[in-house]
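Chemist: Structure of the sequence below:
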Amino acid sequence: MKQVKALVLTGFGLNCDMETARAFELAGASAQRVHINALVNQRVDLDGFHILAFGGGFSWGDDHGAGVIQALKLKNHLGDKLLSFVEKGRLVMGICNGFQTLVNLGLLPGLEGDYTQRSVALTWNDCGNFRDQWVNLQGNQQSPCVFTPGMAAVELPVRHGEGKFVTDEKTLARLIDNNQVVFRYADKNNQPARGRFPMNPNGSMDDIAGICDPTGRIFGLMPHPEAFNHESNHPDWPRTKEILKRSGKEPDPGVTPGIQIFKNGVDYMRSKL
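Modeler: Numbers count the residues shown, from 1 in each chain. Predicted coordinates for the structure are as follows:
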């Protein structure tokens, strides 16, 4: 079996690197946590990897806006390398602060193949405070996103203060028409939240929780799939386990929806090696 190598960024306030690396390993990849400076100084070569993961956290303390300094540092030092990485058909994933960084870099939404233009933003939650909760997500089965095939309904946790997706109406229409909207916040019946709080925890336009580029190989989302790496992570786990126990059944030790997102990406990349 060909080995897929994932690079998970760490350093300067990022705090989900260990969980993200573990998620890639559970998905069948070889994951390496790399400090941003090691990549910038080229002590580690990006070309040696197949997947680049921008994880969650608070890079540079979000002092100038979520993901802003990280995006500027990488664009100034590695801009051409990042574009070359994308041109080679490699995968890029951004989770929470990573999603914020990708839109600041311009790697998302990548309309018409332009990976340098910033046309969307993730800003302060409408509720005015940090949200830490689980959300229901409606998956777009028409999306080209290689990380999400078959994922029509997913539950994942969010934890952010700047997760509201905003753009102009023209860009929003293009994202919808191109099926680049991958996940929308939904209710328990898997219907769009229609902006209702707390189902939509931040006030995102059109309930958008995640988008991809036109190729489906660059994916960003605010919820944390790496945080659902075991069935016991889910807040309903004690109740679910007791129901199974009383029915004489054992818990399903299979892949969680969170890890399935990573596995889809790893499997796709392996098929291209």
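Chemist: Backbone dihedrals for the closest residue to residue 79 other than its chain neighbours, both of them.
Modeler: Spatially, and ignoring its direct neighbours in sequence, residue 79 is nearest to residue 116 (7.9 Å; CB to CB, 6 or more residues apart in numbering). In this view, the C-beta of every residue, glycine as well, is placed from N, C-alpha and C. The phi/psi pair for residue 116 (degrees, to the nearest 10) reads phi -120, psi -10.
Chemist: so residue 116 makes contact with residue 106?
Modeler: Yes. Assessed by CB atoms under 8 Å, residue 116 is found in contact with residue 106 at 4.6 Å.
Chemist: quick one: which of the two has more around it?
Modeler: residue 106 (21 against 12; other CB atoms under 10 Å).
Chemist: who are the neighbours in contact with that one?
Modeler: 114, 115, 116, 117, 118, 119 (CB atoms under 8 Å, 6 or more residues apart in numbering).
Chemist: ok, now residue 57?
Modeler: With CB under 8 Å, 6+ apart, residue 57 has these contacts: 13, 14, 15, 16, 17, 96, 97.
Chemist: So which residues of the stretch 101-250 of the chain form strands?
Modeler: Along the stretch 101-250 of the chain, counting by DSSP state E, counting those that start in this stretch, strands occupy 120-123, 131-139, 153-160, 164-167, 181-186, 208-212, 218-221.
Chemist: Mind putting the ones you listed into JSON lines with distance to residue 245?
Modeler: Formatted as JSON lines, the strands of the stretch 101-250 of the chain follow (distance: least, CB to CB, whole Å):
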{"stretch": "strand 120-123", "distance to residue 245": "41"}
{"stretch": "strand 131-139", "distance to residue 245": "23"}
{"stretch": "strand 153-160", "distance to residue 245": "21"}
{"stretch": "strand 164-167", "distance to residue 245": "40"}
{"stretch": "strand 181-186", "distance to residue 245": "30"}
{"stretch": "strand 208-212", "distance to residue 245": "33"}
{"stretch": "strand 218-221", "distance to residue 245": "33"}
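Chemist: Residue 6: which of those strands is closest?
Modeler: strand 218-221 (13.3 Å; CB to CB).
Chemist: Which residues does that closest one contact?
Modeler: 86, 91-96, 98-99, 102-103, 107-108, 110, 115, 145-148, 182-183, 209-212, 265.
Chemist: does residue 19 count as helix, strand or coil?
Modeler: Secondary structure, DSSP: H, G, I helix; E, B strand; the rest coil: residue 19 is helix.
Chemist: So the closest residue in space to it that isn't next to it in sequence versus residue 150, what's the distance?
Modeler: Sequence neighbours aside, residue 226 is the residue nearest to residue 19 in space, at 4.4 Å (criterion: CB to CB, 6+ apart). According to CB to CB, to the nearest Å, residue 226 stands 19 Å off from residue 150.
Chemist: contacting residues around the residue nearest to residue 19?
Modeler: Contacts of residue 226 (CB under 8 Å, 6+ apart): 16, 19, 20, 22, 23, 55, 56, 95, 258, 262.
Chemist: So which of those residues are in strands?
Modeler: residue 95 (DSSP state E).
Chemist: Of the contacts of residue 226, which belong to helices?
Modeler: 19, 20, 22, 23, 258, 262 (DSSP state H).
Chemist: Endpoint to endpoint, stretch 225-245 covers what distance?
Modeler: Stretch 225-245 stretches 27 Å from its first residue to its last (CA to CA, to the nearest Å).
Chemist: Revised request: answer the last question for stretch 95-114.
Modeler: End-to-end distance of stretch 95-114 (CA to CA): 21 Å.
Chemist: Return the set of buried residues in that stretch.
Modeler: When burial is assessed from 16 or more other CB atoms under 10 Å, stretch 95-114 yields the following buried residues: 95-111.
Chemist: what does stretch 256-273 contact?
Modeler: Taking CB under 8 Å, 6+ apart as the rule, stretch 256-273 contacts 1-2, 4, 6, 23-24, 26-29, 50-51, 89-91, 93, 146-151, 154-156, 219, 224-231, 233, 255.
Chemist: What's the ChimeraX line that selects buried ones from these?
Modeler: Selection of buried members from those for ChimeraX, criterion 16+ other CB under 10 Å:
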select :4,6,23,24,26,27,29,50,51,90,91,93,146,147,148,151,154,155,156,219,224,225,226,227,228,229,231,233
